[in-house]
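A.B. asks: Would you be able to build a 3D model of this:
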Amino acid sequence: MHKLTTRAALMAAAFCLAGSSIAAAQTQATQTQATQTPTKYWFDLNGGAQTQSESIEMTNSFPLYGETAIINTAQGVDGGGLFDISAGYRINAQFGVSLGVSIFTDNGESSVAASIPSPVVINRPANVTATGTGLKHKEVGTSVLLSYFRPITDKIEAVLSIGPVFYNVSQDFTTSSVPTGTQSLSLGSTRERARTAGVNIGANINYFVRPNYGAGVFLRYAGGNADFDSFDDLRVGGVQLGIGARLRF
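C.D. replies: A predicted model of the protein is given here:
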């Protein structure tokens, strides 16, 4: 009887230990699965730079004082700071879709060189130069992207993205006129707007301090060509790079 009681006690203890081991294993597996399951939504906020510069050269000629006046204008759009924000939805562990908006602005100058006929003497043009300032340029690009996620470690991931980008662009162009009876230049500016589309392709490397937040760097090309009334085929966008915050929820 004593031996039977002892065996029963040992069997009960064994079952308890086995049950505890199974429960612990299940709990650990559940926790591991939870840490590996990606969050559904993401939000990226970036500051960076657009590296592309573009030149705008225009020539205008018109009859004046019985001869022809010629005005050459050169102005540019330089690279500069970029603000970028995007939000996305993760379809599964590898793929997601997002909507992003980037804003780039520049404040440029122009150089104007003109040959202006004399109002009183034939074949006696004056060579005149002038500089225009405060020429604003703005690009707002809206991108719809398909993203591919590739974990590198438990804290680092690579994200590759591709999709179309749609630009709304505004550009100030220098205008020139010759006051009546003079050989001088009067400068002004006019603002024109255009829309265009292009491609956005790039990569992010993200590091997460916690599963729901971290930081990342990006490098991409997002660009197109815009046509204005005063100038055709102005390149917008270009190579962009930057750094920012990463949120996952």
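
A.B. asks: what's the distance between the residue nearest the centre of the chain and residue 226?
C.D. replies: Residue closest to the mean C-alpha point of the chain, counted by Cα atoms, centre = their mean, is residue 102 at 4.3 Å. Separation of residue 102 from residue 226 (Cβ to Cβ, to the nearest Å): 15 Å. All C-beta spots, glycine's among them, are computed from the backbone N, C-alpha and C.

A.B. asks: And the pLDDT at residue 31?
C.D. replies: The model reports residue 31 with a pLDDT of 39.

A.B. asks: what do you get for residue 186?
C.D. replies: Residue 186 is given a pLDDT of 96.

A.B. asks: so how many other residues sit close to the residue lying closest to it once chain neighbours are set aside?
C.D. replies: Once flanking residues are discounted, residue 186 sits nearest to residue 177: 4.9 Å by Cβ to Cβ, 6 or more residues apart in numbering. Counted with other Cβ atoms under 10 Å, residues neighbouring residue 177 total 12.

A.B. asks: my read: residue 177 touches residue 184, true?
C.D. replies: No: using Cβ atoms under 8 Å, residue 177 is not in contact with residue 184, being 9.9 Å away.

A.B. asks: re earlier: what are the neighbouring residues in contact with the residue nearest to residue 186?
C.D. replies: Shown in contact with residue 177 (Cβ atoms under 8 Å, 6 or more residues apart in numbering): 185, 186, 188.

A.B. asks: could I get those residues as CSV with distance to residue 121, neighbour count and secondary structure?
C.D. replies: What follows is the contacts of residue 177, written out as CSV (distance: Cβ to Cβ, whole Å; neighbours: other Cβ atoms under 10 Å; DSSP: H, G, I helix; E, B strand; the rest coil):
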residue, distance to residue 121, neighbour count, secondary structure
185, 19, 20, coil
186, 22, 11, strand
188, 28, 11, strand
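
A.B. asks: Closest one to residue 85 out of those, please.
C.D. replies: residue 188 (35.0 Å; Cβ to Cβ).

A.B. asks: mean confidence for stretch 224-242?
C.D. replies: Stretch 224-242 comes out at a mean pLDDT of 97.

A.B. asks: how about that stretch: buried residues?
C.D. replies: By 16 or more other Cβ atoms under 10 Å, the buried positions in stretch 224-242 come out as 224, 226, 228, 230, 231, 234, 235, 236, 237, 238, 240, 242.

A.B. asks: And stretch 83-100, by the same measure?
C.D. replies: Going by neighbour count (16+ other Cβ under 10 Å), the buried part of stretch 83-100 is 84, 86, 88, 90, 96, 98, 100.

A.B. asks: Remind me which helix or strand residue 183 belongs to.
C.D. replies: Element membership of residue 183 [criterion: DSSP states H and E] is none; it lies in no helix or strand.
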